[in-house]
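In: based on what follows, work out the 3D shape:
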Amino acid sequence: MFDWLQIDRTPYRATVAWLIVLAGAALHFVGLEDRPGLGGYPAWPMIGWLFTALLVLSVPAVRAWTGLSRPAQVALVGAAGLALVSLISSLLGPLPVVVTSQEWPVPRGLLVAPMAAAVVAMLAAIFGALLVPPGIRQRVLSALAWATAVAGALAWVRQVLTHHTLRAATAMGGSAVIHVVFLVAGGVFLDRWRTTRHWSDLVGFAWCMVLLIGTGSRAGVVCLMLFVVLSLGSALWRHEGRRVWLFVAAGALAVVAALAAFVPSLARLFNFSDEKRSVNAATAWTAWLQSPLTGVGSGRLWPSAAFDTGLVPVPGAGLHPTPWGDALLSPHSTVLFALAELGAVGLLTLGLVTGGMVWAWVRRPRHRAATITALVATLPAHLFDTYLVRNLTVSFFLIFIFVLTQVGTTDKESPA
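Out: Sure thing, here's the model as predicted:
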């Protein structure tokens, strides 16, 4: 009667895996979060589509949860908790009123829709990764890395021709956020090279690093440097691969220095001063002091969807007044978002994400070492921009890769 529940014994799981790989490539050209009227977030039709997919995927994937490493379970519970707390806060918290030349009440739907989409997208990424059959996990990782490298190159060309800027970006995310995708894809290539010693994997890794630096993102440089430090330190500690990592470190520093010196648009790489971000951080701190336990409410300090949808005109200065001081149109930091809008509860969930990922890095298997190191090296990006509850396509990619590196680590996989 319930034979259909044994779906994990059919080609269905592999089909889902390869569809996700194709979607990963397509999203570099078709931005689900950048359509007119959707305001930077998937609207209710997109939420319905994702929720339907979630129901289909969850049937066999729930059982696979027990195959995840304990650190991954901690990190994913924290990530899902952050999104769920944000959703509950948006449902129950007070509604913001944006004041510019007049007062603009923000409807609750614009607070709830983004958080509902974040919850569903996160769960879909987790369940989708759990569905990938053990025998093709490495091939799926490799295919995603190649899709990122090739699609990133093509999208960069389109970016130059369309927007007349040298900074790399794709429809999946702008220059300020897409760098984490390039770093993680580079980690996948490096793991492959350590196994296969094939030159194409080194080329893929090098190209991903060029794409990362090409974004001109200061957060990207911080993440890259942390990746090099963690990798080099680990190699020195374990007395293995020291020459390789010294070469990688020297090469990364040389590329960063050369691009910053000779490409004017990338000179900002080492300029971390930003007056508006400082004002935004001070306002967030003031808001947290008023409500340290639960925050001021999701969307109350940064009603981003109101600006993104055009409901409220975007201030020319890029700042809008709030009861706690001037703030940017969006948090520009997962940490600030959790601190000011969700309070200590939000910070606790974010702490679980950080602690779980660091724990996963400490226990990393050798054949996934570079990928997991790259994922951990993306953690500083949460100080510079908002993930997990915004930039959902990038967040989906990171969660999907993380789960793939943490599920069934004792299973024997076929070589890619």
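In: just the pLDDT for R197.
Out: With respect to pLDDT, R197 scores 77.
In: whoops, W49 was the one
Out: If you check W49, the pLDDT there is 63.
In: ranges for the helices of the stretch 151-300 of the chain?
Out: 179-196, 199-214, 218-238, 242-262, 275-290 (DSSP state H, counting those that start in this stretch).
In: can you redo these as TSV with mean neighbour count?
Out: Any C-beta I mention is one placed from the backbone N, CA and C, and that applies to glycine too. Listed next are these as TSV, based on neighbours: other CB atoms under 10 Å:
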stretch	mean neighbour count
helix 179-196	26
helix 199-214	21
helix 218-238	19
helix 242-262	15
helix 275-290	17
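In: closest to P365 out of these?
Out: The stretch from the helices of the stretch 151-300 of the chain with the least distance to P365 (CB to CB) is helix 179-196; that distance is 9.9 Å.
In: who are the packing partners of the closest one?
Out: When contacts are defined as 3 or more CB pairs under 8 Å, 6 or more residues apart in numbering; DSSP states H and E, helix 179-196 sits against helix 137-163, helix 199-214, helix 218-238, helix 369-377, helix 392-406.
In: may I see these organised as TSV, with distance to A79 added?
Out: TSV is the format used below for the helices and strands packed on helix 179-196 (distance: least, CB to CB, whole Å):
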stretch	distance to A79
helix 137-163	19
helix 199-214	23
helix 218-238	18
helix 369-377	12
helix 392-406	7
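In: any idea which of those helices gets closest to V314?
Out: Closest to V314 of the helices and strands packed on helix 179-196 is helix 137-163 (CB to CB; 18.3 Å).
In: what residues sit buried inside stretch 304-312?
Out: The neighbour-count check on stretch 304-312 (16 or more other CB atoms under 10 Å) flags S304, A305, A306, F307, D308, T309, L311, V312 as buried.
In: do you know the pLDDT at the first one?
Out: Predicted confidence (pLDDT) at S304: the value is 86.
In: quick one: contacts for the residue nearest to it when sequence neighbours are not counted?
Out: Distance criterion CB to CB, 6 or more residues apart in numbering; nearest residue to S304, sequence neighbours excluded, is S330 at 4.3 Å. Contact analysis of S330 by CB atoms under 8 Å, 6 or more residues apart in numbering lists W302, S304, F307, T386, R390.
In: likewise V184?
Out: Going by CB under 8 Å, 6+ apart, V184 touches T371, A374, L375, T378, F397, L398, I401.
In: swap the cut-off to 10 Å and go again
Out: By CB atoms under 10 Å, 6 or more residues apart in numbering, the contact list for V184 reads 141, 144-145, 148, 208, 223, 227, 370-375, 377-378, 394, 397-398, 401-402, 405.
In: done for today, thanks.
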